[in-house]
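Student: Structure for this input, please:
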Amino acid sequence: MGTTQLETVPEPKYWHLRTVLSEALDSEFSVGEILPNERDLAARFGVARATLRQALEQLELEGRLQRRRGVGTTVAPPRMGVSVGTAQHAWPGGPLDAWQTLDCALETPPATVAETLVTGRDEPVHTVRRSRVSHGQPVAAELLYVPADSVPGLSGIDAPSGAARARAVLRELQHLELERQENAVELGSARADDARELDRLPGAPVLVVTTRFIARGRTAALSVATYRADTCRLTFGDSGGVQIHHGPEQQAS
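Tutor: So this is what the prediction gives:
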């Protein structure tokens, strides 16, 4: 691999390097491929390692690169578009739902969740845990809170807990007529349990999408989904759901 010297340019050197690196990612590397170490990259482009780190950090912020513990810096998969459109509505667990169901347990929800669901402060609700994977890597984790009176047909003999119980809860939700859903999005920091599930360091930036599912004039279920901010971006179309973008600059089809 030859040495590429950067020309003198009016823009900051790290920003020009970021552009050169971005072009190299498109032409020389595939998703998930590990980049050479910093010393080799700095030598290739004829820059100081401090300049290289700035460029790598910028590309990580843009979602082009990921720094994975125990692995190194890898090429990130296409960003996942988190749609906040509201034209279409569907209960979680429907035929087009791409989430993977992991577990379910009866648990007392956080006070803010109990207030939204209008349940007693100490009243347990069905807590369904789900995950979303793209290119073999976790990109989102969800907690879906469902009060017992939203799934009255759920039988205790279906399954006491685990993925089978979670699927039973989701099936029962389909029997309710969904009136609408309301989304709220905020930028947050990964808690320890979120970071573990999403293969990130605690404190890493995340997008938290809270969705209220309204049926019979009340909140019948509440979803709190945490997305990796380095692999996701917000979209404001009316398609609903989550779309996969097949390149950093492409629009979802």
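Student: So which residues make contact with the one helix or strand residue 105 maps to?
Tutor: Assessed by DSSP states H and E, residue 105 sits inside strand 100-107. The contact list for strand 100-107 (C-beta atoms under 8 Å, 6 or more residues apart in numbering) reads 93, 124-133, 161-163, 165-167, 169-170. In this view, the C-beta of every residue, glycine as well, is placed from N, C-alpha and C.
Student: Can you name the residues that contact residue 204?
Tutor: Taking C-beta under 8 Å, 6+ apart as the criterion, residue 204 is in contact with 189-190, 195, 198, 228-230.
Student: Now intersect those residues with the helices, please.
Tutor: Of the contacts of residue 204, the ones assigned to helices by DSSP state H are 195, 198.
Student: between the contacts of residue 204, which has the most around it?
Tutor: With neighbours taken as other C-beta atoms under 10 Å, the top of the contacts of residue 204 is residue 228, carrying 28 neighbours.
Student: How about the contacts made by that residue?
Tutor: 138-140, 198, 200, 204, 206-207.
Student: and if you look at residue 74?
Tutor: Shown in contact with residue 74 (C-beta under 8 Å, 6+ apart): 32-35, 65-68.
Student: rerun that using 6 Å as the cut-off
Tutor: Neighbour list for residue 74: 32, 34, 66, 68 [criterion: C-beta atoms under 6 Å, 6 or more residues apart in numbering].
Student: Counting neighbours, which of those residues comes out on top?
Tutor: When neighbours are counted by other C-beta under 10 Å, residue 66 leads the contacts of residue 74 with 21 neighbours.
Student: what comes into contact with the helix or strand where it lies?
Tutor: Element membership of residue 66, judged by DSSP H and E, is strand 65-68. Residues from elsewhere that reach strand 65-68, judged by C-beta under 6 Å, 6+ apart: 59, 73-74, 76.
Student: again with stretch 131-142
Tutor: 31, 77, 80, 99-100, 102, 130, 197-199, 223, 225-228, 231.
Student: Tell me the one of the residues you listed nearest residue 112?
Tutor: Nearest to residue 112 among these: residue 223, at 13.7 Å, using C-beta to C-beta.
Student: and the strand or helix carrying the closest one, how far out from the chain's middle?
Tutor: Here residue 223 is covered by strand 218-228, with elements defined by DSSP H and E. Chain-centre distance of strand 218-228: 13 Å, with C-alpha atoms, centre = their mean, to the nearest Å.
Student: buried sites along it?
Tutor: Buried residues in strand 218-228, counted by 16 or more other C-beta atoms under 10 Å: 219-228.
Student: Quick check: the farthest pair among those residues?
Tutor: Farthest pair in these, by C-beta to C-beta: 220 and 228, 28.1 Å.
Student: Residue 25: what's it in contact with?
Tutor: Residue 25 is in contact with 64, 75, counting by C-beta under 6 Å, 6+ apart.
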